[in-house]
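# no sequence on this one, just coordinates:
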Ligand SMILES: *Cc1c(COP(=O)(O)O)cnc(C)c1O
């Protein structure tokens, strides 16, 4: 039995009207942890549990850490999540509410992750937030469900950070022998894939400069980068403001609250980015995210400069 739930693939009248196209939503925001991460992280935790893991150790203060905490609780295995000092109180509480231990270390994910790797002991299973084939297998079940639901998009839109979701979705498409192109969305300040594509090499961002912290990988995983030569994958970025606006508009249109990381994908539709031009039937992976609040989105809406559009 998987730890994630089957989510609906539903037609969006609001996004279809807004874009003059047919738009379907895969509602990963309905996962018990609020994001798609539970598919892959849940499967990885089950895998490690079968191989005798005594503890799961995650280095993510975001949705991957929440998914690991949830999986550990379901499987009866203790979880430690190492978060950087920047992880907000709300995220820490989400994790500790599920009885996971929280350790705070370092100024960024990079340092928290190095600390995590150094502290691993016998019986500990390290749960990587995006760079693990088992995680991709878990994420790939999104496409199994879309196919089962009889939806056949001509474009899949998703958000990309480290590339775990992208790798999983492409894996799912390939399993069903679908060559459907994928549009991978980022924000201007969290765009390691888009910049790697532009420079034709897997670059390392000097820093993340975006409120879409769930997209905040400084370098995309090698596997995700290699997929660019095997599958038709486009990239685009929106500004933080466009991502936040998309979250607020989506909240009114669908009564669903998501993070700006997910707002980047939704903004592709509302803003009708140029990369949609050739496509009429679009599936948006509503990847979700548990770390947004209406209050925070509204505060960002007020404080973000309106000139940082891409
Ligand atoms: C993790 C995450 C992403 C990015 O996924 P990657 O696998 O790192 O590319 C996007 N949106 C949300 C809400 C996430 O939690």
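Done, it's in. Keep in mind the model is a prediction, meaning the values are calculated, not measured.

# so where's the protein shaky on pLDDT?
Applying pLDDT under 70 to the chain flags the ranges 307-310.

# and residue 118, how many neighbours does it have?
Neighbour count for residue 118, taken as other CB atoms under 10 Å: 8. Where C-beta positions appear, they are placed from N, C-alpha and C, glycine not excepted.

# Kindly report the residues of this protein close to the ligand.
Contact residues (CB under 6 Å from any ligand atom) of the chain with the ligand: 35, 37, 62-63, 130, 159-166, 214-215, 217, 259, 261-262, 287-289.

# Residues in contact with stretch 295-307: which ones?
The contact list for stretch 295-307 (CB atoms under 8 Å, 6 or more residues apart in numbering) reads 211, 239-241, 244-245, 247-248, 251, 260.

# which stretches of the stretch 51-200 of the chain form helices?
Under the criterion DSSP state H, counting those that start in this stretch, the stretch 51-200 of the chain contains helices at 63-75, 89-96, 109-119, 133-148, 164-175, 192-199.

# Point out the most buried one among those helices.
A comparison of those by mean neighbour count, using mean count of other CB atoms under 10 Å, puts helix 63-75 on top with a mean of 26.

# which residues are contacting that one?
Contacts for helix 63-75 (CB under 8 Å, 6+ apart): 3, 32-35, 37-38, 40-42, 45-46, 49, 56, 58-60, 78-79, 81, 83, 91, 94-95, 98-100, 127, 129-130, 214, 288-291.

# In terms of residue numbering, what are the domains of this protein?
9-36+133-308, 37-127 (automatic domain parsing).

# returning to what we had before: can I get the helices of the stretch 51-200 of the chain in CSV with distance to residue 207?
Putting the helices of the stretch 51-200 of the chain into CSV (distance: least, CB to CB, whole Å) gives the following:
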stretch, distance to residue 207
helix 63-75, 20
helix 89-96, 20
helix 109-119, 10
helix 133-148, 25
helix 164-175, 21
helix 192-199, 11
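
# what's the closest of the ones you listed to residue 18?
Nearest to residue 18 among the helices of the stretch 51-200 of the chain is helix 133-148 (21.2 Å), distances taken as CB to CB.

# so residue 48 sits in a strand?
No - Residue 48 is assigned helix when assessed by DSSP: H, G, I helix; E, B strand; the rest coil, not a strand.

# most surrounded residue in the contacts of stretch 295-307?
Going by other CB under 10 Å, residue 260 tops those with 32 neighbours.

# ok now do it, which residues does it touch?
Residue 260 touches 187, 210-212, 240, 243-244, 247, 292, 297, 300, counting by CB under 8 Å, 6+ apart.
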